[in-house]
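Chemist: need a 3D model of the sequence below.
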Amino acid sequence: MIHFSRTKSVVALGILLLLSVSSFTAFASTGPISNAQTKSGSAASISSSARYNPIGSTASKSVYSCPSPVTNESSVTIPLTYSTNPNGIAFDPSHSLVWVAAQDGTVQAISTLTNKVNSTISVDDDLGGIAVDTSNSQIFVASKTQNVVYTLRPVEKGISLPKDSVPTYILYDPVYNKIYVSDTGSGYISVIDPATYKVIKNIKLSADYNAMPYGLAYDSFNGLVFATDTQGSRIDVINNDNAIVASLSLGTVGPFGVAFDPFNSRLYITGNYVGKLLVYNATGDDPSLFNPLYNITFASGSEPFGVDVDCSTGNIWVSDTGLNAVYVLSACSSNIINTTSNLSAPEWFSFDSVHHQMYVTEQGGMAVVMLPSDAVPPQTVNDCAIGLADYGMYKGVSYTYTTTKFQSNTTFTSLNIGNNANPAVNNIMSVQFNMVDYGVTEHSNTGAYWVQNIADMKQTGNYYGIAVINNIWNWTVNGGSMSNAPGDLNHTCASGTFGNSNGQLYYYCQIGDVTKNSFVANVSLPFTIQLEVDTYASTHGNSTIAFYYSIYQGNTKVNGSEYDIVTFSGSGGSPAFKVGGYSTQKYYGNTFIPNDVENVFSGYPSGSGYSCAGCVIVNKIDASMQVYYLPKAGKQFTLLTHAYSAGSETAEMVVNVHMVENGKTHSAMAVSGTDNDVELW
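Modeler: Below is the predicted model:
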């Protein structure tokens, strides 16, 4: 299911935590339902149209949520005193201020409550980068002419920098309590101890050419700092021992800004010369494993400069000095979801995490512009596929595991399915259960396969007709196909067949078709959908994938079975589902795909010709969801140890669904509202 555009607007988590959980059925708190091989009920008529294709974009895990209410204020242009240009900007949460280092040598304090300049401090004749030491309420600001960094409160003697210093950017790392100064003029990154006001080390980026560092970002989980080198067109990675441990060569792109998303482990880099945003996987503490994921290309004439990730929505903000605009991109889809135009050379960002306000410097407008991050109207929001997903990532630390069985339970106590982008499939949505199977042998080739077990639902009045469909895609190589030669793939589903997506063959089996009112079950509230997928080697050593579904009306099973067993022709494989890390090969859109398991609410494919090719509005939802796996050498299903609220390996999406953990049970509740792709537990 290939498609993109979606946004994430924040909703107050505190409100959701007040919701009663008493309305959920017993399935919400008990263990997994038995997958008894009951054949009760007859399969409905078969449709030959398979629709579920993998995404062509990015994985979306989450960023942290800021503890403040949603605000829908308007943007504000804040003129600086003395009509001077802003060179640096930093947010001070303790005093509700944004500090601006100006070209005329002043530091100007903007109140985030009034969005007006409320004080000005004369420091020097031309200032560059600025940062707030939030641990000690100190301000560090760099002189572009005096080779020093000053501290404020009060103004102190400058801290010496290398000769010919032009410090452009300053970063404070609150975990390791260090100040980093990006010195574009001298080619150094200076590391300062804010407690002693002494330089710990001046790190020269290159001995072979005149490096030009600009933007800085840090990964505090792993003690890494990322510095753009515009001259060398690379990212230098600095560890906590103040040494360059890796350099990521970017090609001739002109990197200026860089931002790190600590929970997605994504590195965003602006390519000023080529009009692109570069996206890297930066998981863990070994930079040799960092790799490019994909590029986002902006309109002709674009010169992206600064980049930031806000914590209220998890969205990515990019300033464009060429087209005088600021873009907001969804971390789910990497599409532009909002554009602010008619700015004047916007450059650097600073985010007010208390009031959800993004501030951007206008180098050509002698002003700072406040852009509210929560101001995207809810009716324009397209969320991710929302539910439970395990990416092998918890608080920025990666992990992996394998299993041969996954099972999910989704219980609905309230559901009103709204419109799709295509009116022909209004009132239809799906629950998708997606995972990646490694060690599958097809012929003599062993590789990775993407597996889906899906329940479609169509609402008619108070009843919900349900059909099921599975998919298997070859992810061993970029654009890999399944073999449809006779005998290469055996399946027990009578309707099992092959689809063709742009020349790529995939397998699917469909039981029922909600678009034709053909169902395996037709139920009213409350009802439960249970999905399961197993993988194993058959008695003859053949890689096998088995698909199950069960539908419950209240506590009574209405229908369900093992509806398809797919056996590959090759032998000798040891198939197992993998969680954690990324695909060994680039796949759709030249992208590395995450190894995850996800049970998610999604839309129904709209067909071609629609800007949102699978979005559905859920008018109301009250549901519970659990995902289980069978531990290695285990005999009982276990709930996911960690989970995020959004999936990534499908392109159908839902609007107005929000996930929250049900207490500390490692199960989740789905309620109405927009989701910001949070780490649930």
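
Chemist: identify the bridge partners of the closest residue to residue 92 other than its chain neighbours.
Modeler: Nearest residue to residue 92, sequence neighbours excluded (CB to CB, 6 or more residues apart in numbering): residue 132, at 4.6 Å. (Glycine included, C-beta is placed from N, CA and C.) Using DSSP bridges, the bridge partners assigned to residue 132 are residue 139.

Chemist: and residue 132, what pLDDT?
Modeler: Note on residue 132: pLDDT of 94.

Chemist: so what's the residue count around it?
Modeler: Look at residue 132: counted by other CB atoms under 10 Å, it has 25 neighbours.

Chemist: how close does it get to residue 221?
Modeler: The gap separating residue 132 from residue 221 is 21 Å, by CB to CB, to the nearest Å.

Chemist: partner strands of the helix or strand where residue 199 lies and their direction?
Modeler: Per DSSP states H and E: residue 199 is located in strand 198-204. With DSSP bridges as the test, strand 198-204 is paired with strand 188-193 (antiparallel).

Chemist: give me the contacts around the strand it pairs with.
Modeler: Strand 188-193 has contacts (CB atoms under 8 Å, 6 or more residues apart in numbering) with 140, 149, 159, 161-162, 165, 167, 177-183, 198-205, 213, 216, 225, 227, 236, 238, 242.

Chemist: is there a quick PyMOL command that grabs whichever of those residues are buried?
Modeler: Remark: buried members of the contacts of strand 188-193, expressed as a PyMOL selection using 16 or more other CB atoms under 10 Å:
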select buried, resi 140+149+159+161+162+165+167+178+179+180+181+182+183+199+202+203+205+213+216+225+227+236+238
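
Chemist: next up, phi/psi of residue 516, please.
Modeler: phi -120, psi 20 (degrees, to the nearest 10).

Chemist: pLDDT weak spots in the stretch 101-250 of the chain?
Modeler: Residue ranges of the stretch 101-250 of the chain with pLDDT under 70: 153-155, 157.

Chemist: didn't residue 305 look like it was pressed against residue 255?
Modeler: No - shown here, residue 305 and residue 255 do not form a contact pair, counting by CB atoms under 8 Å, at 10.2 Å.

Chemist: of the two, who's got more company?
Modeler: Each of residue 305 and residue 255 has its neighbours counted (other CB under 10 Å); residue 255 has more, 29 against 25.

Chemist: leaving out sequence neighbours, find the closest residue to that one.
Modeler: Leaving aside its chain neighbours, residue 255 sits nearest to residue 228 (4.1 Å; criterion: CB to CB, 6+ apart).

Chemist: just to revisit the earlier point, okay, and the common contacts of residue 305 and residue 255?
Modeler: With CB under 8 Å, 6+ apart, residue 305 and residue 255 have common neighbours 270, 272.

Chemist: could you pull out the strands for the stretch 51-200 of the chain?
Modeler: Shown for the stretch 51-200 of the chain, the strands assigned by DSSP state E, counting those that start in this stretch span residues 76-79, 86-92, 97-102, 106-111, 116-122, 127-133, 138-143, 148-152, 159-160, 167-173, 178-183, 188-193, 198-204.

Chemist: could you do the stretch 501-650 of the chain as well?
Modeler: Counting by DSSP E, counting those that start in this stretch, the strands of the stretch 501-650 of the chain are 504-511, 521-523, 527-537, 542-553, 556-571, 576-579, 582-587, 591-594, 597-603, 615-629, 638-639, 644-646.

Chemist: check the average confidence over the fourth one, would you?
Modeler: Averaging pLDDT along strand 542-553 yields 97.

Chemist: got it, and the fifth one?
Modeler: Averaged over strand 556-571, pLDDT sits at 93.

Chemist: quick one: list the elements packing against it.
Modeler: Counting contacts by 3 or more CB pairs under 8 Å, 6 or more residues apart in numbering; DSSP states H and E, strand 556-571 is packed against strand 428-442, strand 463-474, strand 489-491, strand 504-511, strand 521-523, strand 527-537, strand 542-553.

Chemist: what's the angle between the strand or helix carrying residue 419 and strand 527-537?
Modeler: Using DSSP H and E, residue 419 sits within strand 405-420. Angle of strand 405-420 versus strand 527-537, following axes from the mean of the first three to the mean of the last three CA atoms, to 10 degrees, is 140 degrees.

Chemist: pairing partners for strand 405-420, with directions?
Modeler: Strand 405-420 has these strand partners (DSSP bridges): strand 527-537 (antiparallel), strand 615-629 (antiparallel).

Chemist: which parts of stretch 451-466 are buried?
Modeler: 451, 452, 453, 454, 455, 456, 457, 458, 459, 464, 465, 466.

Chemist: bridged to residue 451, which residues?
Modeler: Those that pair with residue 451 in a beta bridge, by DSSP bridges, are residue 435, residue 472.

Chemist: which non-adjacent residue is nearest residue 403?
Modeler: The nearest residue in space to residue 403 (CB to CB, 6+ apart) is residue 629, at 4.4 Å.

Chemist: check residue 276 too.
Modeler: In space, residue 276 is closest to residue 295, 4.7 Å off (CB to CB, 6+ apart).

Chemist: check which helix or strand covers the one you found.
Modeler: Residue 295 belongs to strand 291-297, assigned by DSSP H and E.

Chemist: packing partners for that strand?
Modeler: Checking 3+ CB pairs under 8 Å, 6+ apart, strand 291-297 ends up next to strand 276-281, strand 591-594.

Chemist: could I get the buried residue list for that strand?
Modeler: Those buried within strand 291-297 under the rule 16+ other CB under 10 Å are 292, 293, 294, 295, 296.

Chemist: can you list contacts of the helix or strand following it?
Modeler: As assigned by DSSP H and E, the chain's next helix or strand after strand 291-297 is strand 304-309. Contact with strand 304-309 is made by 63, 215, 256-261, 268-272, 275-277, 298, 315-322, 331, 346-351, 358, 360, as judged by CB under 8 Å, 6+ apart.

Chemist: now do 6 Å
Modeler: 256-257, 259, 261, 268, 270, 272, 277, 316-321, 347-349, 351 (CB atoms under 6 Å, 6 or more residues apart in numbering).

Chemist: so residue 307 bridges to which residues?
Modeler: Applying DSSP bridges, one finds that residue 307 bridges with residue 318.

Chemist: any idea how far residue 387 is from it?
Modeler: Counting by CB to CB, the gap from residue 307 to residue 387 is 29 Å.

Chemist: do the same with residue 643
Modeler: For residue 643, the distance to residue 387 - CB to CB - is 9 Å.

Chemist: check residue 547 too.
Modeler: Residue 547 is 18 Å from residue 387, by CB to CB.

Chemist: do residue 93 as well
Modeler: 33 Å.

Chemist: who's more crowded, the two?
Modeler: More neighbours surround residue 387 than the other of residue 93 and residue 387, with 29 against 14 (other CB under 10 Å).

Chemist: element containing the more buried one?
Modeler: Using DSSP H and E, the element containing residue 387 is strand 386-390.

Chemist: outside of that strand, which residues touch it?
Modeler: So strand 386-390 is in contact with 579, 596-601, 625, 627, 640, 642-644, 646-647, 654, 657, 659, 668, 675, going by CB under 6 Å, 6+ apart.

Chemist: right, and the helix or strand after it?
Modeler: Toward the C-terminal end, the helix or strand that comes next after strand 386-390 (DSSP H and E) is strand 393-394.

Chemist: so what strands line up beside that following strand?
Modeler: When sheet partners are counted by DSSP bridges, strand 393-394 sits next to strand 397-398 (antiparallel).
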